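Q: attaching a predicted model along with its sequence, questions to come.
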Amino acid sequence: SQIMSRGLPKQKPIEGVKQVIVVASGKGGVGKSTTAVNLALALAANDSSKAVGLLDVDVYGPSIPKMMNLKGNPELSQSNLMRPLLNYGIACMSMGFLVEETAPLVWRGLMVMSAIEKLLRQVDWGQLDYLVVDMPPGTGDVQLSVSQNVPISGAVIVSTPQDIALMDAHKGAEMFRKVHVPVLGLVQNMSVFQCPKCKHKTHIFGADGARRLARTLDLDILGDIPLHLNIREASDTGQPIVFSQPESDEAKAYLRIATEV
Ligand code: ADP
């Protein structure tokens, strides 16, 4: 549309950053942040010569600080830019570093947008090959604003195989197409749970919904991540699975996805 295309010439690269990859989802709770964190670690693990950063613009519910076991206030550089915090070799920036963990994020409109502007433009990333961006869920102002202001190499869309999640993932894919962001593909998360005792497999949220959606939208499936206790525990303890159990099948699923982006 007119409005969309008028937004595009404003696009300005993030200084020092070669490729921006956004991780998005239609709904909350489908594993978007978990995917963003493990994708960042996997990109770095697959090629140690690559510098990788992680930017959490999920301003209403930042989860990167906990998942990456980081807290504190970013220092300012000489040119008054915020220095990312570093863990497991990944440079991280999050709204969670700028506000109290328990402070309710009740900002609206302009306040959220100025926070986004800060996170996009006032961070000293140094030189990065990849910046993985953890988007908020859905297709709101933040997603649109990020997509219109920064050149994005591609979007990874995370969904469970459940209909309601897929419907929203579909909307997400359409939004990126409208603003000319290439959709790299879908990650189907929590597709299967295997009982650790009897090895029986259960498709708790459905078996292959994301595959069907991928066919409808003519998109690739970048990977399938099982519903697994180790993934949840690793995230909650701030030791993401790609870092803490790189030899596990679950970590390998993320490492494979990183070769596709
Ligand atoms: P979102 O960013 O979409 O809101 P999260 O990444 O925060 O979702 O994941 C929601 C919850 O589900 C978290 O507790 C996370 O640890 C857990 N989780 C995500 N993916 C998996 C998985 N494949 N297996 C087990 N738990 C998962």
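A: That came through fine. Numbering: from 1, shown residues only.
Q: can we go C-alpha only for contacts and neighbour counts from here?
A: OK.
Q: how about the secondary structure of Gly185?
A: For Gly185, the assignment made with DSSP: H, G, I helix; E, B strand; the rest coil gives strand.
Q: what are the boundaries of the strands in the protein?
A: 17-25, 52-56, 85-87, 90-94, 128-134, 154-159, 183-189, 193-194, 201-202, 221-225 (DSSP state E).
Q: put together CSV for those, with distance to Leu39 on each row.
A: As requested, the strands of the chain are exported to CSV (distance: least, C-alpha to C-alpha, whole Å):
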stretch, distance to Leu39
strand 17-25, 9
strand 52-56, 10
strand 85-87, 15
strand 90-94, 11
strand 128-134, 8
strand 154-159, 10
strand 183-189, 11
strand 193-194, 21
strand 201-202, 25
strand 221-225, 11
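Q: count of residues packed around the residue lying closest to Leu86 once chain neighbours are set aside?
A: Once flanking residues are discounted, Leu86 sits nearest to Cys92: 6.0 Å by C-alpha to C-alpha, 6 or more residues apart in numbering. By the criterion of other C-alpha atoms under 10 Å, Cys92 has 27 neighbours.
Q: what does Ile204 give?
A: For Ile204, using other C-alpha under 10 Å, the count is 14.
Q: quick one: residues contacting it.
A: With contact taken as C-alpha atoms under 8 Å, 6 or more residues apart in numbering, Ile204 is in contact with 190-193.
Q: on that earlier part again, tell me the bridge partners for the residue nearest to Leu86.
A: Leu54, Leu85 (DSSP bridges).
Q: next up, the contacts around it.
A: 53-56, 64, 84-86.
Q: now swap in Gln127 and tell me
A: Counted by C-alpha under 8 Å, 6+ apart, Gln127 has contacts 16-18, 51.
Q: with adjacent residues omitted, what lies nearest to Glu15?
A: Excluding the flanking residues, the one nearest Glu15 by C-alpha to C-alpha, 6+ apart is Trp125, at 7.5 Å.
Q: Lys252 contacts Pro246, correct?
A: Yes - because the distance of 6.9 Å satisfies C-alpha atoms under 8 Å, Lys252 is recorded as touching Pro246.
Q: give me every residue that touches Met82.
A: Met82 touches 74-76, 122-124, counting by C-alpha under 8 Å, 6+ apart.
Q: check what pLDDT the residue of the stretch 51-200 of the chain found nearest the ligand gets.
A: Closest residue of the stretch 51-200 of the chain to the ligand, C-alpha to the nearest ligand atom: Met190 (4.7 Å). Listed pLDDT for Met190 reads 96.
Q: neighbours of it, how many?
A: The number of residues packed near Met190 is 22, by other C-alpha under 10 Å.
Q: can you tell me the closest non-neighbouring residue to it?
A: Closest residue to Met190 apart from its sequence neighbours, by C-alpha to C-alpha, 6+ apart: Leu227 at 4.1 Å.
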